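K.L.:
below is the structure, and that's it, no one-letter string:
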């Protein structure tokens, strides 16, 4: 069993990665943080309870450095 990714919500908003989300990916994948995965899956749920909206994004370590 290993860590696959994370999920969070953007209530009342589009499920698009925010600047905070993108910064977290850069920090997690661009430095020696103890996370050694080559890819990171981020799932975001947005919208409302009546009309939820979902997105999934895969980030690669190679996009952030050697």
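P.N.:
Looks like it came in fine. Worth saying up front: this structure is predicted, and the values here are computed from it rather than measured.
K.L.:
quick one, what contacts the spatially most central residue of the chain?
P.N.:
For the chain, residue 42 is the residue whose C-alpha lies nearest the centre (Cα atoms, centre = their mean; 3.0 Å). The neighbourhood of residue 42, defined by Cβ atoms under 8 Å, 6 or more residues apart in numbering, consists of 5-7, 17, 21, 25, 56-59. Yep, even glycine has a C-beta here, placed from its N, CA and C like the rest.
K.L.:
residue 28 too?
P.N.:
When the contact criterion is Cβ under 8 Å, 6+ apart, the partners of residue 28 are 35, 40.
K.L.:
repeat that for residue 15.
P.N.:
Applying Cβ under 8 Å, 6+ apart to residue 15 gives the contacts 44-47, 53-55.
K.L.:
measure it to residue 32 for me?
P.N.:
From residue 15 over to residue 32 the distance is 30 Å, taken as Cβ to Cβ, to the nearest Å.
K.L.:
coming back round to it: scan the contacts of residue 42 and report the most crowded one.
P.N.:
Neighbour counts for the contacts of residue 42 were taken using other Cβ atoms under 10 Å; the highest belongs to residue 59, with 22 neighbours.
K.L.:
mind listing what it touches?
P.N.:
Listed by Cβ under 8 Å, 6+ apart, the contact partners of residue 59 are 25, 29, 39-40, 42.
K.L.:
do that again at 6 Å, thanks
P.N.:
Contacts for residue 59 were tallied using Cβ atoms under 6 Å, 6 or more residues apart in numbering; they are 25, 40.
K.L.:
over to residue 17?
P.N.:
For residue 17, the contact set (Cβ under 6 Å, 6+ apart) comprises residue 57.
K.L.:
run the last query once more with 7 Å
P.N.:
By Cβ atoms under 7 Å, 6 or more residues apart in numbering, the residues touching residue 17 are 42, 44, 57.
K.L.:
residue 56 too?
P.N.:
41, 43.
K.L.:
if we go to 8 Å?
P.N.:
The contact partners of residue 56, taken as Cβ under 8 Å, 6+ apart, are 41-44.
K.L.:
and of those residues, the nearest to residue 63?
P.N.:
Nearest to residue 63, judged by Cβ to Cβ, of these is residue 42 at 13.1 Å.
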